[in-house]
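Engineer: build me a model from this:
(2 chains)
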Amino acid sequence: MSSAVGLIVRRELVTRLRSKMYVISTVLLLVAVVGFAVVMHVVGDRTGSSADVGLVPSVESTQPLVDAAGRTVGLAVHSVPVTDEAAGEQQLRDGHLDALVVSVGGHQPGTDLSPAGGTVQVVVKSDLGSQLRAALTVLARQVAQDQAVRAGGGDPAAVNTAVASSGVQVRPLETMPEYQSQRVVMGMVAGVLVYLALMIFGQVVAQGVIEEKTSRVVELLLATVRPWQLMLGKVVGIGIAGLLQMLIVVGAGVGAGLAVGSITMPSSVAVSTAVWTLVWFLVGFVMYALLFAAAGALVSRQEDAAGVTSPILALIIVPYVVGISVLPAQPDNGAATILSLVPVFSPTLMPVRIALGVAAGWEIALTLVLSVLLTAGLLVLTGRIYGNSVMRSGARVRLGDALRPL
Amino acid sequence: MPDALEIDDVSKRYGEVVALDHMTFDVRAGEIFGFVGSNGAGKSTAMRIVLGVLAADSGAVRWKGRPLTLAERRRVGYMPEERGLYPRMKVGQQLEYLARLHGLSADGARRSVVRWTERLGVAARIDDEVQKLSLGNQQRVQLAAALVHDPEVLVLDEPFSGLDPLAVDVMSEVLREACASGAPVLFSSHQLDLVERLCDRVGIVRQGRMVASGSVDELRSGSASRLVVVAPNVREGWAEDVPGVVATTTEATESGGVRTVLELAADADDQAVLHAALATGPVHEFRRRRPSLTELFRHVVSERVDGAGGPGSGVAA
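Structural biologist: Numbering: from 1, shown residues only, chains lettered A, B, ... in the order given. As a prediction, the model looks like this:
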């Protein structure tokens, strides 16, 4: 029995791997994902190559120092005076400024330069870019050195101590998880990949079932195997082909991101995001593929496929659209969170939420359990529809007839 | 009946339509059984039920005295009425796949594919996609698909349709070989001359029922016996008063004369007919006519439906 399923799985897998569509889609996705990782890095560099820095009145005098520090690290810093701290913060929120320098070397309003004041305090919207951080660190050391030289009369030890204790203090206006921008990008990519793979391989399942009906080969096959074996073999075989493509694409994307440096979050976080993406593809694929197989069994011609597969496509598209349009801006959006807990919607929403770092452990566990339960129910239901319909050629089989007990 | 394929009291309805009505027959081991009947009589439905592709409403299918299970169905060579292969799969790969689904090892499947494609004359097309083959060659591949696992039972729905004369010869040979090796062979066909030539026994199906079955000779013996008389001087209606004559028809002979065909009652005395003919003058021809299967078939399927059983129905096992 199981050897029959094994043979069917192998045929499906080999057929898919050899198909032009599979090879082309794998190459295209690979190029897109790796290209994206590289482009993100280049774009990230370019935004980093110039920065707008606001200076509150008390530190306006440091403007030449700030600009010079920028040049030292290869960053074109445009420093502009702001009327006060509140006005500067507003400009940060509006995105006109990348950082607001509020104090340099303890040179706060009403205080004097002190030897231990090699500290630059900046306010940012959410986080400080790495190049700007480097530039401001250079500035802090420069200031610390100047102050120490001036105060200590050239004692090298005092200068060194002062330089060593210098640094940048960052105060973000909005607290967000670390590496938020990277998480958003990864979430979007994970969402797109799971969505595309479910759409593509789900429909491959439906087409495969219809092909067997149209060509009538199904009668020859059903003389040797049971309908559920044929259905299961097809779903598993195409599922492995899909997983393989996802593995290649996701692996290459994360690898390229880490290699070129567009992913700077710890690699363990990136890898676990990638693994969850694959897990959710697999969970979603089995769930939807069963539906696609049953839908395909209802019709006898490829032309009729759209009529039966569109409701399933809607189940994939709707949560995806919600996820991709709402979650990046509002990772903790309530409606999207609730939607992601509904098992038919979890496969496209959970990988995005996991990538954004907003999915709690219990949510992941709950959605996985619910999805497995739903899939078990679908296995019975779709097996019945498939078994009742796959031998009936001609007009579309009515769902009521297809649902009768086998 | 050991090793026979038995179809026992099988019925099947599609809604209001009765497809099979308590159909019973058997195909003995080492026997070729021809399945004939009009389109829609239920032949394909019966074969599908044998293969388990369709479930019967009632009745049983047995092989070697036991119900035919899925594992045993893998030993059946089946050619469905609706031909079907994967159009985009290569001939060799496809046949190998089907052979393996029927339980052959990878190695055995490969060897068997080579053997059957050579025998059926499609060995050169082994690496071509099925859809690129001509219809005739696709038919040969379909045949190979039914035979590639060296089946112990053959159930073939219209195996001769669409075959060229050479392929018909190969097919006939294959059927004879299978039956010589002790396999029950069941096939349906509308080519009744072929059926008559090949089959040990014939079953005639009408409206889901087996209305006649037996050897062609047995079917003949049950039918009304006929006399052919050619006597130039007879007048119309000359034999109507002869005792035992049920019906007379006339047909033109090749030489322009008239041939009288008389249907006799079972207990009729043909010598009385001869005397009556001689009484009109010379008699050039006087013989019994053996009805062909085609005639028997026409006769049987045009009978009244409610006439339970037909000629030879008593011969059915």
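
Engineer: now do whatever residue of the stretch 151-300 of chain A ends up closest to chain B against B:Glu196, distance only.
Structural biologist: As assessed by Cβ to the nearest Cβ, chain B sits closest to A:Arg216 within the stretch 151-300 of chain A, at 3.0 Å. Just so you know, the C-beta spots here come from the backbone N, C-alpha and C atoms, and that holds for glycine as well. In this view, A:Arg216 and B:Glu196 are 30 Å apart by Cβ to Cβ, to the nearest Å.

Engineer: now the helix or strand containing A:Asp52: buried residues?
Structural biologist: Counting by DSSP states H and E, the element that carries A:Asp52 is strand A:50-55. Residues of strand A:50-55 classed as buried: A:51-55 (neighbour count, 16 or more other Cβ atoms under 10 Å in any protein chain shown).

Engineer: residues in contact with it?
Structural biologist: Strand A:50-55 is contacted by residues A:62-63, A:66, A:70, A:75-82, A:88, A:91-92, A:96-101, A:129, A:131-132, A:135 when judged by Cβ atoms under 8 Å, 6 or more residues apart in numbering or on different chains.

Engineer: what does chain A put close to chain B?
Structural biologist: Along chain A, the residues adjacent to chain B under the rule Cβ under 8 Å from any Cβ of the partner chain are A:4, A:7-8, A:11, A:15, A:211-212, A:215-226, A:391, A:393.

Engineer: which neighbouring elements make contact with whichever strand or helix holds B:Ile49?
Structural biologist: If you go by DSSP H and E, B:Ile49 is part of helix B:43-50. Packing partners of helix B:43-50 (3 or more Cβ pairs under 8 Å, 6 or more residues apart in numbering or on different chains; DSSP states H and E): strand B:5-14, strand B:17-27, strand B:32-37, strand B:153-157, strand B:185-188.

Engineer: now with 10 Å?
Structural biologist: strand B:5-14, strand B:17-27, strand B:32-37, strand B:58-63, strand B:76-79, strand B:153-157, strand B:185-188, strand B:201-206 (3 or more Cβ pairs under 10 Å, 6 or more residues apart in numbering or on different chains; DSSP states H and E).

Engineer: pick the most deeply packed of the ones you listed.
Structural biologist: Mean neighbour counts were taken over those using mean count of other Cβ atoms under 10 Å in any protein chain shown, and the top value, a mean of 27, falls to strand B:185-188.

Engineer: would that one count as contacting chain A?
Structural biologist: No - on the criterion Cβ under 10 Å from any Cβ of the partner chain, strand B:185-188 is out of touch with chain A, staying 13.8 Å away.

Engineer: paired strands for that strand, with orientation please.
Structural biologist: Applying DSSP bridges to the sheet, strand B:185-188 is found paired with strand B:32-37 (parallel), strand B:153-157 (parallel).

Engineer: and the next element down the chain from it?
Structural biologist: helix B:192-198.

Engineer: and for that following helix, what's in contact with it?
Structural biologist: For helix B:192-198, contacts defined as Cβ atoms under 10 Å, 6 or more residues apart in numbering or on different chains pick out B:32-36, B:159-160, B:168, B:171-172, B:175-176, B:179, B:185, B:187-189, B:191, B:199, B:202, B:204, B:216, B:292-298.

Engineer: ok, the residue positioned nearest the centre of chain A - contacts?
Structural biologist: Centroid-nearest residue in chain A: A:Gly187, 2.0 Å away (criterion: Cα atoms, centre = their mean). Shown in contact with A:Gly187 (Cβ under 10 Å, 6+ apart): A:273, A:277, A:323-324, A:327-328, A:331, A:351-358.

Engineer: and whichever strand or helix holds it, average pLDDT?
Structural biologist: In the assignment (DSSP H and E), A:Gly187 maps to helix A:180-214. For helix A:180-214, mean pLDDT rounds to 91.

Engineer: buried stuff in it?
Structural biologist: A:180, A:182-214.

Engineer: residue of chain B closest to chain A, please.
Structural biologist: Distance from chain A to each residue of chain B (Cβ to the nearest Cβ) is smallest for B:Gly84, at 3.0 Å.

Engineer: surely that residue is in contact with A:Leu221?
Structural biologist: Yes - B:Gly84 lies in contact with A:Leu221 (Cβ atoms under 10 Å); the separation is 8.7 Å.
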